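>>> Quick one, structure for this:
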Amino acid sequence: MDLETFRAYQRESRKTWGEIDVNHPIVYPTLGLANEAGEVAGKIKKIFRDKGGVIGAADREALKYELGDVLWYLTQICTELDLTLEEVAAANIEKLFSRLERGQIGGEGDTR
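Take a look at the predicted model:
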């Protein structure tokens, strides 16, 4: 491994960096949401890695608590954006049914 390549990358990439003020109430719940979603994903990964994908009662219980944390952070973000969970859910269902009607459930992209 050429360590000088990484040193050069680190030095050069820093030229594109700029400090961004993140003193805003939406930052904490957004980071919390990403963290908790990662914890859910980690638990699911371990269920497939270690248990052949069999989700037991203890796994369900642990996932229930992690999903509750996901819901809490999502709710805080919605509140900060002056959105209700109902309107977010309704918009999501509308989007999904539009994709379904157009045969675009699969694939990638927000505007499909």
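
>>> Going by C-alpha atoms from here, please, whenever you check contacts or count neighbours.
Noted.

>>> and the one helix or strand residue 89 maps to, which residues are buried?
Assigned by DSSP states H and E, residue 89 belongs to helix 85-101. In terms of neighbour count (16 or more other Cα atoms under 10 Å), helix 85-101 has its buried residues at residue 85.

>>> mind listing the helices for the protein?
Using DSSP state H, the helices of the chain run over 3-13, 27-51, 57-80, 85-101.

>>> now the longest one: how far from the chain's centre is it?
Relative to the centre of its chain, helix 27-51 is centred 8 Å away, using Cα atoms, centre = their mean, to the nearest Å.

>>> what comes into contact with it?
Outside helix 27-51, the residues within contact range by Cα atoms under 8 Å, 6 or more residues apart in numbering are 53-55, 59, 63, 66-67, 69-70, 73-74, 76-77.

>>> If we go by neighbour counts, what in it is buried?
Under 16+ other Cα under 10 Å, the buried positions of helix 27-51 are 29, 32-33, 36-37, 39-40, 44, 47.

>>> quick check, nearest of the residues you listed to residue 105?
For the buried residues of helix 27-51, the residue nearest residue 105 by Cα to Cα is residue 37; the value is 22.3 Å.

>>> which residues of this structure score low on pLDDT?
Applying pLDDT under 70 to the chain flags the ranges 1.

>>> Next, name the residue at the spatial heart of it.
Residue closest to the average C-alpha location in the chain (Cα atoms, centre = their mean): residue 34, at 4.6 Å.

>>> Please tell me how far that one sits from residue 95.
Distance of residue 34 to residue 95, given as Cα to Cα, to the nearest Å: 23 Å.

>>> do residue 8 as well
Separation of residue 8 from residue 95 (Cα to Cα) stands at 45 Å.
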